[in-house]
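> Sequence first, then the predicted structure:
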Amino acid sequence: MAAAARAADLEVDVCILGAGVIGLCTALALLRADAGLRVALLDQSTPCAGATGAGQGYLWMAHRSPSSPLWQFAQRSKQMWQVLLATVPQLTPAALEWQAAGSMLLASTAEDEELLHQRLQLLRSAGLADARLAPAAMVRQLEPALSRGAAESALLVDSDVQLNGRAAAAALLQACKTFGNRFVPLFNESVSSLVLPGTSRRVEAVQTEARRIGATLGVVVALGAWSGPFLAAQLADGRWAHAIQPRRGVLLEMPLPPGMAPLQRGLMEVGYAKHYSLDSRRASGGWPDIDAHSHVSVADITFTACTSASGSLLIGSSREFAGFDSSAPEAIVQLIMQRAIEFLPALAAVNRWQIAVRAGPRPYAAAGFPMVGAVPGVPGLLLAAGHEGSGLLLAPATAAVICEQLLGCSSGLDAAVVDSLRVKVVQD
Ligand SMILES: Cc1cc2nc3c(=O)[nH]c(=O)nc-3n(C[C@H](O)[C@H](O)[C@H](O)COP(=O)(O)OP(=O)(O)OC[C@H]3O[C@@H](n4cnc5c(N)ncnc54)[C@H](O)[C@@H]3O)c2cc1C
């Protein structure tokens, strides 16, 4: 392999590793928070090369648990997206393909219906006043494409929204670029190591194949699912590889079949909510053997569907521990389609060649929470990773926590919430 061409070394205040939605939001928040700050954003590829490019884009509260500390984190982040839309000229609803479509959680069995009732009470008591139940007749009136039987009732939240992850990443990058030479995007450049000189182990810089990038204030690891293996190698602590790891997700994009009524809302079967419990890893094949890269676990498939801003259908999704293999096995595509056809029978008319497949590594955190903040024992090193299936929603609040820790500006979150995100290496 040819050696990378040597580029000029750089000095910045903060170097962010990874230009997914977390790295991009963090860069923008830092640039906006401190007019003197110089921020580098480094990616081995281009923005959207990881999970961000595959995500469905639901910014939802309907399937979340109000008893979790993540509830306030998610609520705050959703509000922050609205503030970003109102205050950053590049982040327009059109640029983000923002759709205030609302959400619909579907119950197809008596057990599911019971879950919906419980969920409604929880959401209402947490202050989500627009959460309401719809009986079968109303569900079919709202979404005529749904099959009889697949949706006996539904929980609706009108205030839930969605965006397009790729479009959001592009707009965030545009917004960062307005800061001129205070923003240093470095794409197609991979970080090879952290520079941790002496016994203090304070991070001074990062080393790429091409140069040294000094970071006087700090280095933020926002490498998504790659954060675990990266920290394991850099800190010589194998537990990191278990703490954050890839959980592959596959999403299908296809045209609306002839005769099918367009979907008005984002849809999700109520069983999806289980992914927000610690037990969910068992449903996606148990604890993965991360050393065996050929290992492909049993996939967990749950039905989700929405109409994109361009009018195509986005149908999801799968969850598997399959290492960093970003290909989508044909068997998974077929399983997602089979499940979707149970809900939307008209999809049986879609030909395989009409389906575009997206796959990405959701950054799964073994602790069940994203990790955002200082890495213990390594001054100058911060982590912002492990958002699994919620990174598009949680990016603005994540960025606010990093700003709070680096610059001292308030994130607006309760201390208990910030504490629940504290960086810790855990092993099951
Ligand atoms: C199918 C699917 C559906 C989803 N649906 C939703 C949804 O509806 N709502 C929601 O909120 N979230 C959703 N998500 C989750 C969301 O996409 C992720 O949580 C989020 O994108 C994670 O962002 P990130 O920036 O942490 O990671 P990534 O987007 O993976 O970014 C990490 C970056 O690090 C770079 N990198 C890796 N190694 C190196 C290196 N050595 N040097 C330099 N750069 C490196 C990669 O190239 C990559 O660009 C979904 C995900 C999937 C897969």
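Done, it's in. Residues are numbered from 1 along each chain as shown.

> Show the low-confidence segments of the stretch 1-150 of the chain, by residue range.
For the stretch 1-150 of the chain, the stretches with pLDDT under 70 are 1-5.

> Which positions in it make contact with the ligand?
Counting by CB under 6 Å from any ligand atom, the residues of the stretch 1-150 of the chain close to the ligand are 17-23, 42-45, 49-52, 54-58. Backbone N, C-alpha and C define where each C-beta goes, glycine included.

> what do you get if the cut-off is 5 Å, keeping everything else the same?
Applying CB under 5 Å from any ligand atom, one finds that the stretch 1-150 of the chain approaches the ligand through 18, 20-22, 43-45, 49-52, 54-56, 58.

> Tell me which of the residues you listed fall in helices.
Mapping those onto helices (DSSP state H) picks out 21, 22.

> Can you say which of the residues of the stretch 1-150 of the chain next to the ligand are buried?
Those of these that meet the buried threshold are 18, 20-22, 43-44, 49-52, 54-56, 58, by 16 or more other CB atoms under 10 Å.

> Show me the strands in the stretch 201-350 of the chain, by range?
Listed in chain order, the strands of the stretch 201-350 of the chain (DSSP state E, counting those that start in this stretch) span 205-208, 212-221, 244-254, 266-269, 300-307, 313-319.

> could you say what helices and strands the fourth one packs with?
Contacts defined by 3 or more CB pairs under 8 Å, 6 or more residues apart in numbering; DSSP states H and E place strand 266-269 against strand 103-107, strand 300-307.

> Measure how the helix or strand following the shortest one sits relative to strand 103-107, angle-wise.
So the one you mean is strand 103-107. As assigned by DSSP states H and E, the chain's next helix or strand after strand 103-107 is helix 110-125. Counting by axes from the mean of the first three to the mean of the last three CA atoms, to 10 degrees, helix 110-125 lies at 150 degrees to strand 103-107.

> Name the residues that touch stretch 44-56?
18-21, 23-24, 43, 162, 165-166, 169-170, 172-173, 187-191, 224-226, 249-251, 304, 306, 314, 316-317, 358-363, 391-392 (CB atoms under 8 Å, 6 or more residues apart in numbering).

> one step back: pick out the most distant pair among the residues of the stretch 1-150 of the chain next to the ligand.
For those, the farthest-apart pair by CB to CB is 44 and 58; their separation is 27.2 Å.

> closest point of the stretch 301-428 of the chain to the ligand, which residue?
residue 391 (2.2 Å; CB to the nearest ligand atom).

> so which helix or strand takes in that residue?
Assigned by DSSP H and E, residue 391 falls in helix 391-407.

> Need the CA coordinates for that helix. CSV is fine.
Output in CSV follows, covering the C-alpha atoms of helix 391-407 (Å, rounded to 0.1, in the frame of the first residue of the first chain):
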residue,chain,number,x,y,z
GLY,A,391,-28.0,9.2,17.7
LEU,A,392,-29.9,11.4,15.2
LEU,A,393,-32.3,12.5,17.9
LEU,A,394,-29.7,12.7,20.7
ALA,A,395,-26.9,14.6,18.8
PRO,A,396,-27.7,18.2,19.8
ALA,A,397,-28.0,17.4,23.6
THR,A,398,-24.8,15.3,23.3
ALA,A,399,-23.0,18.3,21.8
ALA,A,400,-24.3,20.4,24.6
VAL,A,401,-22.9,18.1,27.3
ILE,A,402,-19.5,18.2,25.5
CYS,A,403,-19.6,22.0,25.4
GLU,A,404,-20.5,22.1,29.1
GLN,A,405,-17.5,19.9,29.9
LEU,A,406,-15.0,21.7,27.7
LEU,A,407,-16.2,25.3,27.9
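
> Which other helices and strands does it contact?
Applying 3+ CB pairs under 8 Å, 6+ apart, one finds that helix 391-407 contacts helix 21-33, strand 58-59, helix 69-87, strand 212-221, strand 371-374, strand 381-385.

> and with 6 Å instead?
helix 21-33, helix 69-87, strand 212-221, strand 371-374 (3 or more CB pairs under 6 Å, 6 or more residues apart in numbering; DSSP states H and E).

> I'd guessed residue 22 sits against residue 395; true?
Yes: in this structure, residue 22 is within contact of residue 395 by CB atoms under 6 Å, at 5.4 Å.

> sorry, back to before: pull out the buried members of the contacts of stretch 44-56.
By 16+ other CB under 10 Å, those give 18-21, 23-24, 43, 162, 165-166, 169-170, 172-173, 189, 191, 224-226, 249-251, 304, 306, 314, 316-317, 358-363, 391-392 as buried.

> any idea how this protein splits into domains?
10-90+165-242+367-420, 100-160+245-365 (automatic domain parsing).
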